[in-house]
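**Student:** Show me the folded form of this:
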Amino acid sequence: MVGTTGAGKTTLIRQLIGTDPGTEPFPATSTFKTTTAETEILCAPGDFYAVAVFAERIKVRADIEDCVVAAAAALAEGRPHDIARDALAAHTDERLRLEYVLGADWLDAAVSTIESVLRHRPAAGLDEVADRVRTEPTLRALVDHLLADVAARFTTLRFGQLLTDDDETWPRCWQFTTDERSTLFSAIRRLAGNDRGSHGTLLSPMVEALRVRGPLHPTWAGEIPYLMAVDTEGLGHVPLTAASLPLAVIEQLERADRIIVVDDATHPMQAAPLAALRQLVMAGHLDKLALCFTHADGVVGPNIGTTQDRDSLLRRSVNQAVLSLRDDLGETAWRALAHQLDAHHFVLGHLDQRLDSRNPAQTPVIAELNRLLGWLRKERVTIDTSSLRPVYRLNDLRSRLLAVAEQFATAWPEMLAKTHWRQVQALCRRIADGGDGYADLQPVAQLTASVLDAIRDFVERPIRWTDVVPADDQQLALFDGFLRTVTGEVLDVCRAELAGSRRADWEQASTQVGMATAIQRVATLAATVFGTLTGVGTDGTSLVEDVTELVRRAALNSGFDIGDVVRPAGNVFGQTLKPVRRPGLAHHRGF
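**Tutor:** You can find the predicted model right below:
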């Protein structure tokens, strides 16, 4: 399930697994960002089973420190006490919500402690606030105290078993098995809930991944659907970068049989879902796609008299949205996406209600859900591409990758220079501690998306085909399969180039203090991290050459003809024969 926050992904999953919105509030929903952990729900016979993986202690401590920094910065800027209180209660990326875990009674006293420290020894500037939190004994003690309180909450779990590493007291995961459905939901309530009455006891902000298995099925289906539904974190409503999909979602795509883009019918096909569709198609997942419109019961107005009027308006919004992607996707992929969504778009309403097949008013919704369930369980049709052999010149790929690296190396320092210093510092610390990004600042995800776009553009434009030029659907299947093959390795290279081999540089940038630190920090990153993308780093790595090599290997394994020197198409009586060309995906941009 992919979609913006509040689109209805989790509510749709509730209907597919048959949990009662009144008595079994799982997975949790709200009008704000709720799903922050990867959640997998497997509908299968047998006992009920659940396992939760917790965030590491070092990450939780870093997030608590971020909350204290945010509160201190708000006070240093002269903002009201309540703003500092809110900053301390929940992390800016809305994953860590200390109010859920510890309640709210401690917040005012903690803000007063921070206020007292700043009053006694004011920060020389906002740049020094974060350094003050790391070095001031009173504020360090506050962070340690909050972390200890969080750790103590794990011991209050009544169900299941906590597992820890041999040398750690911080739990690594939790597991639980039962043969009773009600017991399962009671056990996971604290690990997956958001109920206001349970604040101060919840551990859901500590959970990074949750899997639940059991004989779950919707009452309207009458049988176990035998599927695994994966709920993902909501996308931002306005994509700030080319990477509309988080890295965690990109890594899941290859093993997914179906990908449902969930969109709110009351505001259909806005920027974020459109960007997600584009990225999914460019990454080779077109034949897995479906579009689900939720909140269809909320589509009302003087121009809508019947459900046919509503459905017609939604179809038009899809057609206009897909048409806007025509130049990016190319003629063949664009037409294929249009046909895919013509056949596989679903209009759903009343998903927040318990559906009953005996209720005539709910019959259309149940019929549409059954149609969706039928598509989910249907095996994808594959097209044989084993005999296809396109011919490529590697230098064509290098030039595209170099353009991506140059644009990225220029754009990111410019963007960071306009970003609040606290977010930039948090990004530096997060990557230095082993992460890939922070909040909307996701350099690894954006670089991965941009590199995959360059590879897509390259493979769609072979110099020629060794035999007959294949039909458009064969070309599309070949290119999609190739993109899916290289995505994992491309992600690894981009992560190594920007994060893995550069963590010391991010650490150096995060620890800079003094006047004009924000400017110095961006300058450091421009020189030591982004500036190395266009050449060879001190460790001998090269984004352009590493990606070129992995594409070369994958192409040879796929039977492609690829190299720096390309043999002529053929020679008769000393004249080179030009390969036959026909309109198609490989030449749709006038190549």
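**Student:** Run through who's touching stretch 412-432.
**Tutor:** 62, 66, 69-70, 73, 92, 126-127, 129-130, 437-439, 441, 443, 498-499, 502-504, 506-507, 509-510, 517-519, 521-523, 525-526, 530 (Cβ atoms under 8 Å, 6 or more residues apart in numbering). To be clear about C-beta, it is placed using only N, CA and C from the backbone, and glycine gets the same treatment.
**Student:** Send me it as CSV with only the CA atoms.
**Tutor:** The C-alpha coordinates for stretch 412-432 follow below in CSV (Å, rounded to 0.1, in the frame of the first residue of the first chain):
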residue,chain,number,x,y,z
TRP,A,412,21.7,19.6,-2.8
PRO,A,413,24.2,22.1,-1.3
GLU,A,414,21.9,24.9,-2.6
MET,A,415,18.9,23.3,-1.1
LEU,A,416,20.6,22.7,2.3
ALA,A,417,21.7,26.3,2.4
LYS,A,418,18.0,27.3,2.3
THR,A,419,17.0,24.7,5.0
HIS,A,420,16.8,25.4,8.7
TRP,A,421,20.1,24.8,10.4
ARG,A,422,18.5,22.5,12.9
GLN,A,423,17.2,20.1,10.2
VAL,A,424,20.6,20.1,8.4
GLN,A,425,22.4,19.3,11.6
ALA,A,426,19.9,16.6,12.4
LEU,A,427,20.5,15.2,8.9
CYS,A,428,24.2,15.1,9.5
ARG,A,429,23.8,13.4,12.9
ARG,A,430,21.3,10.9,11.5
ILE,A,431,23.6,9.8,8.7
ALA,A,432,26.7,9.8,10.9
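**Student:** Could you pull out the buried residues of it?
**Tutor:** 412-413, 415-416, 421-432 (16 or more other Cβ atoms under 10 Å).
**Student:** Next: stretch 470-477.
**Tutor:** By neighbour count with 16+ other Cβ under 10 Å, stretch 470-477 contains the buried residues 470, 472-477.
**Student:** Export only the CA atoms of it, formatted as CSV.
**Tutor:** Coordinates of the C-alpha atoms in stretch 470-477 are reproduced here as CSV (Å, rounded to 0.1, in the frame of the first residue of the first chain):
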residue,chain,number,x,y,z
PRO,A,470,10.4,-6.6,-30.8
ALA,A,471,6.9,-5.4,-30.2
ASP,A,472,6.2,-2.6,-27.8
ASP,A,473,4.9,-4.9,-25.0
GLN,A,474,8.0,-7.1,-25.3
GLN,A,475,10.3,-4.1,-25.1
LEU,A,476,8.4,-2.8,-22.0
ALA,A,477,8.6,-6.1,-20.3
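**Student:** Now do that stretch: distance to the chain's middle.
**Tutor:** 29 Å (Cα atoms, centre = their mean, to the nearest Å).
**Student:** Find me whatever residue is spatially closest to residue 21, sequence neighbours aside.
**Tutor:** Nearest non-adjacent residue to residue 21, counting by Cβ to Cβ, 6 or more residues apart in numbering: residue 352, 5.9 Å away.
**Student:** For the residue nearest the centre of the chain, give me its contacts.
**Tutor:** Central residue of the chain (Cα atoms, centre = their mean): residue 246, 2.3 Å from the mean position. Neighbour list for residue 246: 232-233, 235, 442, 445 [criterion: Cβ under 8 Å, 6+ apart].
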